[in-house]
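Undergrad: how would this look folded up:
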Amino acid sequence: MKQKRTLGTPRLLGIVWPFIAVVLFQALLGGVSLYVLSAVRGYVGGESLWSKGQKDAIYYLNLYADSHDETIFLKYQNAIAVPQGGHELRLALDHQPPNIEAARIAILKGGNHPDDVSSLIWLYLNFRHFSYLERAIDLWTVGDAYLVQLDDVAREMRQRIADSQATDADIKRWKEQIFTINEGVTPAAKAFSDALGEGSRVILRLLLVTNLATALGLIVLALMRTHKLLKQRHAFADALQLEKDRAQITLQSIGDGVITTDVEGAIAYMNPAAEALTHWKAEQAAGLPLAALFNLLDENAQADGFTLIEHILSGQLSGGSEHSKLIQRLDGSTVSVTLVGAPIRNAGKVSGTVLVLHDMTQERQYIANLSWQATHDALTGLANRREFEYRLEQALHNLTRQVGRHALMFLDLDQFKLVNDTCGHAAGDELLRHICALLQSGLREGDTLARLGGDEFGILLENCAPEAAEKIAEGLRQTVQNLHFVWKGRPFVTTVSIGLVHVAQSPATLEASLRAADMACYMAKEKGRNRVQVYHADDSELSLRFGEMAWVQRLHVALEEDRFCLYAQEIAPLGADEQDRGHIEILLRLHDEAGRMILPDSFIPAAERYGLMTSIDRWVVENVFKVIAQCIAQEREESLAMCAINLSGITIGDEAFLDFLREQFVAYSIPPEMICFEITETSAIANLGSAIRFINELKGLGCHFSLDDFCAGMSSFAYLKHLPVDFLKIDGSFVKDMLDDPINRAMVEVINHIGHVMGKRTIAEFVETPQIEQALLEIGVDYAQGYVIERPHLFTWDSLQSRPARPRPLLFKAPGTFR
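TA: From the prediction side, this is the model:
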C-alpha cells in the first residue's frame, strides 16, 4: 500500500501558476478589448469620412448643376468615392464567401488607415449579428441606397449637360432630387453614427465589467493561495518541530554518546549517554572546549597529539569505519570507545562537528570471553584440543632453535562410561572436575593440561627430562587411583591409562607426536588399564598399531574411490540333494594405490579395530544386491539360490544396519529367502543378545543364517542351541589336517554330528584334495568348499551366468573369514 504523503516541498510553479494564468487571461482580454475598441474606432472614423464625403458630394453636385463646370464634377466624384468605398466594403463582406481582398480595397478607398483594415474586417465578420452592429449595418444599407440614387442623378446630370440639353426645368428637378436625397440620407447617417456610438459604449462597459471581474478573481485567488501557503508554512513548522522532538528523543534514548560542537570545538549539546561516558552534565559542559571533558589516548594509553576537532574536520573519524580509542576522564579513569565524527555543514560551510562515542566495554568483554571459549573447555576450564595442539606445535618449533626435551602425555579415564550410564552426565561432569583439579595439582607451574574431548586429556611437560616425566606420569596415575568418588551414596573406583612420549630435538611433527601418544595410551588400555605406557619407536606392538592406523586412512580413500572388488568361490553339496541348489561364497579383495591386489587379512584387523567394518559390510551388501538384481532383471533367477553375506560383530550390534538392510531389500527387490547372512562364532558369542535379536529380526523376514569358524574359539557347544542358525561352517584348521591328525578328524565328526542333531546343515572349509573331500563324504558333511571344488574368480553377473547348468545356491561371505 502506497504511503500517503503528508508534507512536501512546494515548487515555485505550483505556487504562481494560477497567477500566471489569470495575468495571461487578463492580458488576452485587454488585447481583445483594445482590438475591438480599435475596430469600433475605425468604423466611427469611417462613418465620419462617409458623412463628410456624402455632404461634399451633394454640395459639389448642386454647384455643378448651376455652373456646369467639369472641374466641380470631378470634385463631386472624389467626394462620392468615400461613401462608395463603404458601400463596396459591405457588399464584399456580405458576399458568400466574403471577398477579403475586395474588402481591403474598399476600406482604403473609403479613406480608412491601412492599419485598421484587418480589425474592420474582423469586427464585421465576427460581430455582424451583434444587435447594435446589426442595426448600424441596416442603417448603412439605407444610406447606401440614397447614395446610389444620388449617383444616378449625377450621371444623368452630367450626360445632359455634356450634350447641352439641360434645361432650367431639368436643373430644377435635379436640385429637388438632390435635396430629397439629402433629406433622406442625413437622418440615416446620423442614426448609423448613433448606433456605432451606442455599440462602442456597450462594448466598453462589457469589457470593463469583465476586467473588473477578472481582477476580483485574481484577488480571491491570491488570497486562497496565500492562505494555502500559510497553512503549508505552519505544516512545515509543525513537521520540523516533530522531527526535532523525535531527534531529541532518539538522541536521549540511544546508548551511544553524541556530542555536538561549534566549529571552534565549544560544546553545544550532549545526550545522556555522553554524560554517562564523560561524567559531565550537559548544562555544565555547554560552551566548554571538547578537551575539557576527556583526553584522547591511543591503545597504549599514550596521549594523542591531535585534537578531536582536527581529526573530525580532516575526515579521519568518518563514518565509513570505526576508530578504537581510549578516553581518559578528569577523574583519571579510562574507557575504551569507538569514535565516529563528521563536520556539520550549512550552506556549504562547516558550522560545527558531531562526535559519536560507542562504549566498547561490553564488546571487549565479549571478545575476551569468546577468545577464552575458543581456546578452553567450558566444563573444566582447561585448554581445549585446539589450544593444546597450538602449544605443542610451538614447543616443537622451539626445539629446532635450541636443545631441549619435552614430554607429551595422553590420559584416558578407565570405565568413565560406567559413571555416566549409571548415575547420569551430572555425575560424570562432577567426576571430570574433581580429576582435573587433581591432575593440575600434580603438575609443575607452566605445564599444560588440556581436555581433548570426553574423558581424554593431554599434558605437555616442556623442558622435562625423561625420568622426571615418567615420575610425574606415575604420580598422576596414583593420584587418580587414590580418588574416592562418591555420588549420592554410591562409590566409584577411578583409574587412568596414560601414554607417554618423550619429544627430543630429533625431527618430530605435530601429527607424529600426537599419534605416538595416542598409540601409547591405547596400548596402556589393552595391557590392562591403570598403567603408564612409554612410547618407544622400536616397540613391535606399537609398530603393529601404527600399521593398523595407517590402514584407516587408506580404507577411507578406498571406499570413496570404490577400489574394493568381489570374488566368488563355489560351495558344493557332497551328497545327492535334489532340493539344494548350491552356494557361492563371495570373497573381498582390495586394489591398492598402485593397482596391486590386497588380501583381506592385511586390512580387516584395522577395519575392525577402528570401526570401519560397518561401512565395508554396507558396501558388500549393496554391491552383491546389485549383481543379484541384474540377474533377476535378465529373468535368470533360476541361476540363483540362497545368498549368504558374512557380517562382522560390530555390524550385528548396529541397530541402523537393520534399517539399511530393509531399505536394500526394497530398493533392489531381493526376495529375503534368497539371502543367508553369515556371522562368526566369536562375534556371535561376544554379542550373544544382539546376535540373537539380529538373527530373529531377519529370519522373520525369511532370511537364513550360517555360523562361521565353528569351534575355532574357546566357546562351548552350549551356546549353539541359543543361536537359531541354519548352517554350521566347520573351521578349516580342523579340516585341512584331518587325514593326518585323528583329533582333528574327531572334531569334524563331532561338530557334524552335533549340527545334524540340532537340525543344522554343515559346511567344511579348506577342502583342497580329493581325499579330504572323500573323507568328508564318508563322515556325512553336507557341503565342501576349497580349491578342489573351485578356485576363486571375479564375481559379476556375467560370470554368474557362465556357471555349470546344475543350479546351486549362492553363498556370499562378507569380510569376516577371507582366504
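Undergrad: All the helices of the stretch 101-250 of the chain, residue numbers only.
TA: Using DSSP state H, counting those that start in this stretch, the helices of the stretch 101-250 of the chain run over residues 117-127, 131-162, 168-253.
Undergrad: Quick one, which of these gets closest to Q771.
TA: Nearest of these to Q771, taken as Cβ to Cβ: helix 168-253 at 100.9 Å. Backbone N, C-alpha and C define where each C-beta goes, glycine included.
Undergrad: what's the angle between the closest one and helix 117-127?
TA: 80 degrees (axes from the mean of the first three to the mean of the last three Cα atoms, to 10 degrees).
Undergrad: What pairs with the following helix or strand past helix 168-253, parallel or antiparallel?
TA: Counting by DSSP states H and E, the next helix or strand C-terminal to helix 168-253 is strand 257-262. Strand 257-262 has its sheet partners listed here by DSSP bridges as strand 267-270 (antiparallel), strand 349-359 (antiparallel).
Undergrad: export those strands to CSV and tack on distance to S118, mean pLDDT and mean neighbour count?
TA: Formatted as CSV, those follow (distance: least, Cβ to Cβ, whole Å; pLDDT from 0 to 100; neighbours: other Cβ atoms under 10 Å):
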stretch, distance to S118, mean pLDDT, mean neighbour count
strand 267-270, 72, 85, 20
strand 349-359, 60, 80, 18
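Undergrad: Turn the ones you listed into TSV, including distance to I604.
TA: Below are the strands paired with strand 257-262 laid out as TSV (distance: least, Cβ to Cβ, whole Å):
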stretch	distance to I604
strand 267-270	78
strand 349-359	63
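Undergrad: for those, which one sits closest to L296?
TA: strand 349-359 (10.6 Å).
Undergrad: Mind checking what helix or strand follows the closest one in sequence?
TA: That would be, after strand 349-359 and using DSSP H and E, helix 361-375.
Undergrad: Measure how far that following helix is from the centre of its chain, please.
TA: 29 Å (Cα atoms, centre = their mean, to the nearest Å).
Undergrad: hey, C-alpha coordinates of it in CSV?
TA: Taking C-alpha atoms only, helix 361-375 is exported to CSV below (Å, rounded to 0.1, in the frame of the first residue of the first chain):
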residue,chain,number,x,y,z
THR,A,361,33.5,-2.2,27.5
GLN,A,362,30.9,-4.9,26.9
GLU,A,363,32.2,-5.7,23.4
ARG,A,364,35.7,-6.1,24.7
GLN,A,365,34.4,-8.4,27.5
TYR,A,366,32.5,-10.5,24.9
ILE,A,367,35.6,-10.7,22.7
ALA,A,368,37.7,-11.8,25.7
ASN,A,369,35.1,-14.4,26.6
LEU,A,370,34.9,-15.7,23.0
SER,A,371,38.7,-15.8,22.8
TRP,A,372,38.8,-17.8,26.1
GLN,A,373,36.0,-20.1,24.9
ALA,A,374,37.8,-20.7,21.6
THR,A,375,40.9,-22.0,23.5
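Undergrad: So G45 sits against I107, correct?
TA: No. Between G45 and I107 there is no contact under Cβ atoms under 8 Å: 11.0 Å.
Undergrad: Strands of the stretch 301-450 of the chain, start to end?
TA: In the stretch 301-450 of the chain, the segments counted as strands under DSSP state E, counting those that start in this stretch are 323-329, 334-346, 349-359, 406-414, 448-453.
Undergrad: if you compare those, which one is most tucked away?
TA: strand 406-414 (a mean of 24; mean count of other Cβ atoms under 10 Å).
Undergrad: Who are the packing partners of that strand?
TA: helix 385-399, strand 456-461, helix 466-481, strand 495-503, helix 510-526 (3 or more Cβ pairs under 8 Å, 6 or more residues apart in numbering; DSSP states H and E).
Undergrad: strands paired with it, and their directions?
TA: strand 456-461 (antiparallel), strand 495-503 (antiparallel).
Undergrad: Can you name the residues in contact with the first one?
TA: Judged by Cβ atoms under 8 Å, 6 or more residues apart in numbering, the contacts made with strand 456-461 from elsewhere in the structure are 382, 385, 388, 391-392, 395, 406-413, 436, 439, 443-444, 447-452, 468-469, 472, 476, 517.
Undergrad: hang on, the earlier thing: which of the strands of the stretch 301-450 of the chain sits closest to E198?
TA: Closest approach to E198 among the strands of the stretch 301-450 of the chain is made by strand 334-346 (68.1 Å; Cβ to Cβ).
Undergrad: Which elements pack onto that closest one?
TA: helix 308-313, strand 323-329, strand 349-359, helix 361-375.
Undergrad: Using TSV, lay out the ones you listed together with distance to W122.
TA: Formatted as TSV, the helices and strands packed on strand 334-346 follow (distance: least, Cβ to Cβ, whole Å):
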stretch	distance to W122
helix 308-313	72
strand 323-329	80
strand 349-359	61
helix 361-375	87
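Undergrad: V258 is nearest to which of the ones you listed?
TA: The nearest among those, by Cβ to Cβ, is strand 349-359 at 5.6 Å.
Undergrad: May I have the closest one exported as PDB, CA atoms only?
TA: Below are the C-alpha coordinates for strand 349-359, written out as PDB (Å, rounded to 0.1, in the frame of the first residue of the first chain):
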ATOM      1  CA  LYS A 349      30.200  25.900   5.000                       C
ATOM      2  CA  VAL A 350      31.300  24.000   8.200                       C
ATOM      3  CA  SER A 351      29.300  25.300  11.100                       C
ATOM      4  CA  GLY A 352      30.200  22.600  13.700                       C
ATOM      5  CA  THR A 353      31.000  19.000  14.300                       C
ATOM      6  CA  VAL A 354      29.200  15.900  15.700                       C
ATOM      7  CA  LEU A 355      31.000  13.200  17.600                       C
ATOM      8  CA  VAL A 356      29.500   9.700  18.400                       C
ATOM      9  CA  LEU A 357      31.200   7.600  21.100                       C
ATOM     10  CA  HIS A 358      30.300   4.000  21.500                       C
ATOM     11  CA  ASP A 359      31.300   2.300  24.800                       C
END
